[in-house]
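**Q** Kindly generate the corresponding structure for this input.
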Amino acid sequence: MSATNISGVVWILMIIGAVVLAAGAVVSLSRRRSNPVAWKRIGWTALSAAAFAVAFVQYGPFIGRAVGMEYPLSVPKALIALETGKARLVPLTSDAVKLVGRRGPTERELTVFLSERGWQFKEKTDNEFTYRKEDAVLTVHSRFRRGYWWYDLDRAPK
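**A** Here you go, the predicted model:
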């Protein structure tokens, strides 16, 4: 398996495993040191952080639904996909109602993304784009924040 075929969740689990092994080594070394209390505290802190990370990865979808997000890891994964150059426009939700795009003129990518789903560009106002498909109208609200374009669609672009 090459590094490009490994998913992000597998990488996170590998990092968590390394942290757990390092924490176990710190706890076992604490028995040999002159000040074992400080080393034990560091080891238990690392183990607690690893347990929290495992719980977050395992139960992320449930936590996300509770706070109103579809999946809390979707934003960091989308930003990583944008920064590595794998995509220029990434849906944040499964129905593509929320999108994030790279810096620069991403309205072309938005128009291509929606035209693949049958929508045609109609007009652009200050921070809104309007698309038409037969008798339906789709309005896209855009904002530039923290170096990325964030798009909110008023309906799913099926």
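
**Q** just the strands in the protein please.
**A** Shown for the chain, the strands assigned by DSSP state E span residues 89-91, 98-101, 120-124, 128-133, 136-145, 148-153.

**Q** Dump those strands into TSV; add mean pLDDT and distance to residue 53 as well.
**A** Backbone N, C-alpha and C define where each C-beta goes, glycine included. Output for the strands of the chain, formatted as TSV (pLDDT from 0 to 100; distance: least, C-beta to C-beta, whole Å):
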stretch	mean pLDDT	distance to residue 53
strand 89-91	86	23
strand 98-101	87	24
strand 120-124	89	43
strand 128-133	91	38
strand 136-145	89	27
strand 148-153	88	25
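
**Q** These: which one's closest to residue 77?
**A** Proximity to residue 77 (C-beta to C-beta) singles out strand 89-91 among those, at 8.2 Å.

**Q** Which residues does the closest one contact?
**A** 78, 81, 82, 98, 99, 100, 101, 102, 106, 109, 110, 113 (C-beta atoms under 8 Å, 6 or more residues apart in numbering).

**Q** ok, of the residues you listed, which one's closest to residue 92?
**A** Out of the contacts of strand 89-91, the member with the shortest distance to residue 92 (by C-beta to C-beta) is residue 98, at 4.2 Å.

**Q** separation between the residue nearest to residue 22 when sequence neighbours are not counted and residue 90?
**A** Nearest residue to residue 22 in three dimensions, chain neighbours excluded: residue 46, at 6.5 Å (C-beta to C-beta, 6 or more residues apart in numbering). According to C-beta to C-beta, to the nearest Å, residue 46 stands 33 Å off from residue 90.

**Q** Fine by me, we can end here.
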